[in-house]
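Participant: I need the structure of the sequence given here:
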Amino acid sequence: MDRSRPLAFLIAAALTLSGVTALSSAARAADADLARNGGFESGLDGWTCTAGTTVNSPVRSGSSALRATPSGADNARCAQTVTVKPDAQYTLSGYVRGSYVHLGASGTGTTDVSAWAQSAPTWQQLTTTFRTGPTTTRVTLYTHGWYGTGAYHADDISLVGPGSDATQPPAPPTGLKTGAVTSSSVALSWTAVTGATGYAVYRDGVKVRTVSGTSATVGALSPSTAYSFQVAAVNEAGESARSATVTATTTARPGGGGTDLPAHALVGYLHASFANGSGYTRMADVPDSWDVIDLAFGEPTSVTSGDIRFERCPVSECPNVESDADFKAAIRAKQAAGKKVLISIGGQNGQVQLTTTAARDTFVSSVSKIIDEYGLDGLDIDFEGHSLSLNADDTDFKNPKTPVVVNLISALKTLKARYGDDFVLTMAPETFFVQLGYQYYGTGKWGGQDPRSGAYLPVIHALRDDLTLLHVQDYNSGPIMGLDNQYHSMGGADFHIAMTDMLLTGFTVAGDANNVFPPLRPDQVAIGMPASTNAGNGHVPPAEVTKTLDCLTKKTNCGSYRTHGTWPALRGLMTWSINWDRYSNWEFQRTFDGYFG
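Facilitator: Coordinates of the predicted model:
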């Protein structure tokens, strides 16, 4: 009897079974975990969260996990969008702790799915599956809690299934050219590339920006300096080769005023014409920490007159007010110590509308008279309320048409020319007039919007080479959308970080990729904050001020918002007001001094 056949059969059978196993393993190997940073070991990289941060305890594995805290109006959603294959099966899983924690996927092209835990005092795994639709290539993963139920934790989130088919990077862009060139920025544009999902912009061989459209403005440049630029197209497979190089030389900076300010400056408003609940503070009693002192306020005789008057606080309201002679002597002493003293025009009650050229000329002459009488260093524009709004046909911030805007620009340029390069010009607009311009500008293309939306942008842009400081009032503000297309609200560092990042990065105006507000230099920007809870809505404690400065100048301690750069030359902080800070035992001043030394 031949005994080799059964042995050969068994060997063949074993090989066949092995082949089946190998094939099954190969099929499983085709699946991949498509979730990026599912263990939160790289902070919130890859995730967009409304109220989330990473913590080191408790964690399910590794050294980090997500902690997100819902509020009464926010369920603390964290999400990321991943690339998937059409008509493919996927398994979403993750570990959670807390009450009412949800894990889900949306945009599947079939039925969106979620899993949730009502109560998870220890780590609990949530798992769900879905199949993508026949044309689905992108799916959003998310986790969230429930309104007002307390913080939840999440860790080790994965999406297992087939990865997207490999593609080729796009072709390199062509037609790269320069546009407007200032002392601190260069505008670029190029031809669209088929298949590109974005573009990487390089300055002198270093990637500085990633944009979705076919134009960008590179800012934070030095005056009178030559730069080279290239652009690469980007898609899921990576970057293309870079485009041909173009070069541009920034213009000389025409003064800008206040160039002898310290590297980091503290700016405050002094109630010089009224006391209110904070009490009157004499000029001589302002501590040396304050580098720029804005006298509040010069106000018009009527809204449209342009005739600005500065009246010092009367004795009946301010019993400890000093004489005019002592006030002027104290100003000279501050200036001798290197401080700048400005007249601030406007404020909450001082509506100024330069509707005519006659009002413009009166504004120039009356402001000059105040500056000359008190020997001041310059001017702060604090127009609020209805001082600035845009006519319906005024849609381009680079070429304004509205008389109140055009006349204000002309008046400020005249004052700058009159007093020369040492003239200090600052502005303190509200977020409504600046950052809101990212979404809305004037009445909009179809009308119906508030005509004040973004109305400061043409003034800032026209005077950017003359502007010493812009310190937007990051207070008394509603929620504002940042460059991450998320709304940010007052009350924490996140709001100040997002609002300041917009000024230093630049932004499209009203969503128009061909209409970009260029970034300001970091030495032109200070962050406006209330000195205390009495001073205005949006006060943040010293720890949040420190977080804001850490993130913007060092890119540490940033929280959920990812900035587009790091700006150690950020000029400093502005507050309303010196009087309210004194009332609060100089908390704001001490925070600034403790940080910058």
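Participant: quick one: the helices in the stretch 451-597 of the chain?
Facilitator: 457-462, 493-505, 542-554, 578-583, 587-596 (DSSP state H, counting those that start in this stretch).
Participant: and the third one, what does it pack against?
Facilitator: Contacting helix 542-554 under the criterion 3 or more Cβ pairs under 8 Å, 6 or more residues apart in numbering; DSSP states H and E are the following elements: helix 493-505, helix 587-596. Every C-beta, even on glycine, is put in place using the N, C-alpha and C of the backbone.
Participant: returning to that earlier point: format the helices of the stretch 451-597 of the chain as CSV; extra columns: mean neighbour count and distance to residue 322.
Facilitator: CSV is the format used below for the helices of the stretch 451-597 of the chain (neighbours: other Cβ atoms under 10 Å; distance: least, Cβ to Cβ, whole Å):
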stretch, mean neighbour count, distance to residue 322
helix 457-462, 24, 34
helix 493-505, 25, 35
helix 542-554, 19, 31
helix 578-583, 26, 15
helix 587-596, 19, 21
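Participant: need those helices in JSON lines (columns: mean pLDDT).
Facilitator: Formatted as JSON lines, the helices of the stretch 451-597 of the chain follow (pLDDT from 0 to 100):
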{"stretch": "helix 457-462", "mean pLDDT": "96"}
{"stretch": "helix 493-505", "mean pLDDT": "96"}
{"stretch": "helix 542-554", "mean pLDDT": "96"}
{"stretch": "helix 578-583", "mean pLDDT": "96"}
{"stretch": "helix 587-596", "mean pLDDT": "95"}
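Participant: residue 125: which of these is closest?
Facilitator: Closest of the helices of the stretch 451-597 of the chain to residue 125 is helix 493-505, at 30.6 Å (criterion: Cβ to Cβ).
Participant: burial of residue 154, as a residue count?
Facilitator: Using other Cβ atoms under 10 Å, residue 154 has 29 neighbouring residues.
Participant: just grab the bridge partners of it for me.
Facilitator: Beta-bridge pairing of residue 154 under DSSP bridges involves residue 66, residue 96.
Participant: does residue 41 touch residue 60 like I think?
Facilitator: No - Residue 41 is beyond contact range of residue 60, at 11.7 Å (criterion: Cβ atoms under 8 Å).
Participant: of those two, which one has the most company?
Facilitator: Counted by other Cβ under 10 Å, residue 41 and residue 60 do not tie: residue 60 has more neighbours, with 18 against 15.
Participant: follow-up on the earlier one: reformat the helices of the stretch 451-597 of the chain as JSON lines; add distance to residue 138.
Facilitator: As requested, the helices of the stretch 451-597 of the chain are exported to JSON lines (distance: least, Cβ to Cβ, whole Å):
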{"stretch": "helix 457-462", "distance to residue 138": "33"}
{"stretch": "helix 493-505", "distance to residue 138": "25"}
{"stretch": "helix 542-554", "distance to residue 138": "29"}
{"stretch": "helix 578-583", "distance to residue 138": "49"}
{"stretch": "helix 587-596", "distance to residue 138": "42"}
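Participant: so which of the ones you listed gets nearest residue 227?
Facilitator: Residue 227 lies closest to helix 493-505 among those, at 17.2 Å (Cβ to Cβ).
Participant: one step back: the helices and strands packed on helix 542-554: which one's closest to residue 287?
Facilitator: Of all the helices and strands packed on helix 542-554, helix 587-596 sits nearest to residue 287, with 6.4 Å by Cβ to Cβ.
Participant: CA atoms only for that closest one, dumped as CSV, please.
Facilitator: What follows is helix 587-596, C-alpha atoms only, in CSV (Å, rounded to 0.1, in the frame of the first residue of the first chain):
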residue,chain,number,x,y,z
GLU,A,587,-4.0,93.4,38.9
PHE,A,588,-3.7,94.0,35.2
GLN,A,589,-0.5,96.0,35.4
ARG,A,590,1.0,93.4,37.8
THR,A,591,0.2,90.6,35.3
PHE,A,592,1.9,92.5,32.5
ASP,A,593,5.0,93.3,34.5
GLY,A,594,5.2,89.7,35.8
TYR,A,595,5.1,88.3,32.3
PHE,A,596,7.4,90.8,30.4
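Participant: which outside residues touch that helix?
Facilitator: Helix 587-596 has contacts (Cβ atoms under 8 Å, 6 or more residues apart in numbering) with 264, 266, 287, 289-290, 529, 531-532, 542, 545-546, 549, 572-573, 575, 581.
Participant: give me that answer again for 6 Å
Facilitator: Helix 587-596 is contacted by residues 264, 266, 289, 531, 542, 545, 549, 573, 575, 581 when judged by Cβ atoms under 6 Å, 6 or more residues apart in numbering.
Participant: tell me the pLDDT at residue 22?
Facilitator: Note for residue 22: predicted pLDDT of 35.
Participant: my bad, residue 171
Facilitator: pLDDT, read off for residue 171, is 89.
Participant: burial of it, as a residue count?
Facilitator: Neighbours of residue 171 under the rule other Cβ under 10 Å: 14.
Participant: so how far is residue 193 from it?
Facilitator: Per Cβ to Cβ, to the nearest Å, residue 171 is found 6 Å from residue 193.
Participant: same question, residue 552
Facilitator: Note on residue 552: its distance to residue 193, by Cβ to Cβ, is 33 Å.
Participant: and what of residue 67?
Facilitator: Residue 67 is 41 Å from residue 193, where distance means Cβ to Cβ.
Participant: and residue 38, by the same measure?
Facilitator: Residue 38 is 32 Å from residue 193, where distance means Cβ to Cβ.
Participant: residue boundaries of the strands in the stretch 151-300 of the chain?
Facilitator: Assigned by DSSP state E, counting those that start in this stretch, the strands in the stretch 151-300 of the chain fall at 152-162, 177-181, 186-189, 198-203, 206-211, 215-218, 226-235, 238-239, 246-249, 265-271, 292-300.
Participant: my bad, the stretch 1-150 of the chain
Facilitator: Assigned by DSSP E, counting those that start in this stretch, the stretch 1-150 of the chain shows strands spanning 31-33, 48-49, 52-55, 65-68, 78-83, 89-106, 113-131, 138-144.
Participant: just say which of those is most tucked in.
Facilitator: Of the strands of the stretch 1-150 of the chain, the one with the most neighbours on average (mean count of other Cβ atoms under 10 Å) is strand 65-68, at a mean of 24.
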